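Chemist: sequence unavailable; structure follows:
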């Protein structure tokens, strides 16, 4: 004689499955976030390698945050200058580190896109996932000789960013540039930071190592108290 499940028994089984799923979901999300953190760290390490290749080729003079190419002050982001090392068959060009999806919607290519960031995005309102320290970059054509950095392991080079603006602005000058202004208050707003459980950012230093730093571990700006400002500049 065949026996069929009763409605109550089916509901009990469904409830047990739901409970198990609820127990497993946080662990799965945590594992996913950790994998994204690791991927982002690897991206920045590769960017650090290509930055060093660029510096070796250009006598230790760092690229500008933007304006590296003719055609306007915003032409040629620092990512564009590293793109030929990442894909040797790609010639120098403005925004060649971005894949064009529509006329104004782009997606960062490979290592130039953080896996924990929104992608694709509106090019007219958002920068490019990673930002260069404006005090590490050459500023308005005045060469910055990175070989003169006294303590490369303490000088920030590239970090997470998701700034909003009227056009892509791939540089950072202060701690909160590592967060996303759309969340409002940087101190209390959840999700403003991409890593360490939305509490921090990944930082590439001038010597090539990458560290995940919590928000309050990052010096506020170049005028930070004591010698913490060295994170940004001499």
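Modeler: Arrived safely, thanks for sending. The structure presented is a predicted model; accordingly, all values stated were derived computationally and were not measured.
Chemist: now residue 143: closest residue in space, sequence neighbours ignored.
Modeler: residue 61 (4.6 Å; C-beta to C-beta, 6 or more residues apart in numbering). No exception for glycine: its C-beta is placed from N, CA and C like everyone else's.
Chemist: burial of the residue nearest to residue 78 when sequence neighbours are not counted, as a residue count?
Modeler: Of all residues beyond its chain neighbours, the one nearest residue 78 is residue 63 (4.4 Å), with distances taken as C-beta to C-beta, 6+ apart. Neighbours of residue 63 under the rule other C-beta atoms under 10 Å: 23.
Chemist: and if you look at residue 6?
Modeler: Number of residues near residue 6 (other C-beta under 10 Å) recorded here: 9.
Chemist: now the strands for the protein?
Modeler: Under the criterion DSSP state E, the chain contains strands at 98-100, 105-108, 121-122, 130-133, 156-160, 171-172, 200-205, 210-214.
Chemist: confidence score at the residue nearest to the spatial centre of the chain?
Modeler: With distances taken as C-alpha atoms, centre = their mean, residue 160 lies nearest the centre of the chain, 2.8 Å away. If you check residue 160, the pLDDT there is 84.
Chemist: now residue 191
Modeler: 42.
Chemist: likewise residue 149?
Modeler: In this prediction, residue 149 carries a pLDDT score of 91.
Chemist: that one and residue 155 touch, don't they?
Modeler: Yes - counting by C-beta atoms under 8 Å, residue 155 is a contact partner of residue 149 at 5.1 Å.
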